[in-house]
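[1] got a predicted structure here, sequence first:
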Amino acid sequence: MSVFDPQPVTLTGDHVALVPLAPAHAGDLCRAGSDPRIWPYISCDPLTTVARAETYIAGALDAARDGSEVPFAIVHRAGGAAVGSTRYLAIRRPHRSLEIGWTWLGPDHWRTPVNTECKLLLLTHAFETHGALRVEFKTDARNQRSQNALARIGAQREGVLRQHILMPDGHRRDSVYYSIIDREWPAVQAALRAKLRTPGP
């Protein structure tokens, strides 16, 4: 098998392009991230100022430099602006495994094809370009909407890590883990494509 080594890349779909996250995205991410409804389940401070967006991007790029993460800006192709962000993280190269996470979008793009297409692009790249054996996701145990969405595409619920993350507001977050493994990918791919044909919540 080829070497499993995800690197920054641009992934383009009909609705979005996932492009390597860069300092130039700070203004767009501040505008997209200004709504407080985005942040209750994400373990960072809300991106309510350009300075906070710059700090967020700098932390992601530090992780990219050490090879542990590959961060993307989610660019809406129709408007040309970054409307959110997502990442490969927890990259375990010897085991051909990674996590998709840190995913958030401005509310204008909730309940649209944007997030579904992001997942399709990232999973296709992981499984078909890099030969991943496993892709995992984790979500706040309070975030039932995220858990429902993962279950709908065929990700398998694995369990709960208790008091896994200390949130900015002091909440001791339990994290629910889901995964997709290589033999499940064809069915998951079909489910994502079906959702894109009939977009909805």
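    Perfect, thanks for sending it.
[2] in this protein, which spans are strands?
    Secondary structure of the chain by DSSP state E: the strands cover 11-12, 16-20, 70-76, 82-92, 97-105, 134-140, 156-166, 172-181.
[3] could these go into a markdown table alongside mean pLDDT, distance to C44 and mean neighbour count?
    For every residue, glycine as well, the C-beta is placed using N, CA and C. Below are the strands of the chain laid out as a markdown table (pLDDT from 0 to 100; distance: least, C-beta to C-beta, whole Å; neighbours: other C-beta atoms under 10 Å):
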| stretch | mean pLDDT | distance to C44 | mean neighbour count |
| --- | --- | --- | --- |
| strand 11-12 | 98 | 23 | 15 |
| strand 16-20 | 98 | 19 | 21 |
| strand 70-76 | 98 | 13 | 24 |
| strand 82-92 | 97 | 11 | 22 |
| strand 97-105 | 96 | 8 | 20 |
| strand 134-140 | 97 | 13 | 21 |
| strand 156-166 | 96 | 11 | 12 |
| strand 172-181 | 97 | 12 | 18 |
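[4] closest to G27 out of the ones you listed?
    Of all the strands of the chain, strand 82-92 sits nearest to G27, with 8.7 Å by C-beta to C-beta.
[5] just the CA atoms of that closest one, as CSV, please.
    In CSV, the C-alpha atoms belonging to strand 82-92 read as follows (Å, rounded to 0.1, in the frame of the first residue of the first chain):
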residue,chain,number,x,y,z
ALA,A,82,-14.8,31.2,3.6
VAL,A,83,-18.0,30.3,5.5
GLY,A,84,-16.5,27.9,8.1
SER,A,85,-13.7,25.5,8.7
THR,A,86,-12.9,21.8,9.1
ARG,A,87,-9.8,19.6,9.6
TYR,A,88,-8.2,16.2,9.4
LEU,A,89,-6.8,15.6,12.9
ALA,A,90,-5.6,12.7,15.1
ILE,A,91,-3.7,11.4,12.1
ARG,A,92,-2.2,8.0,12.9
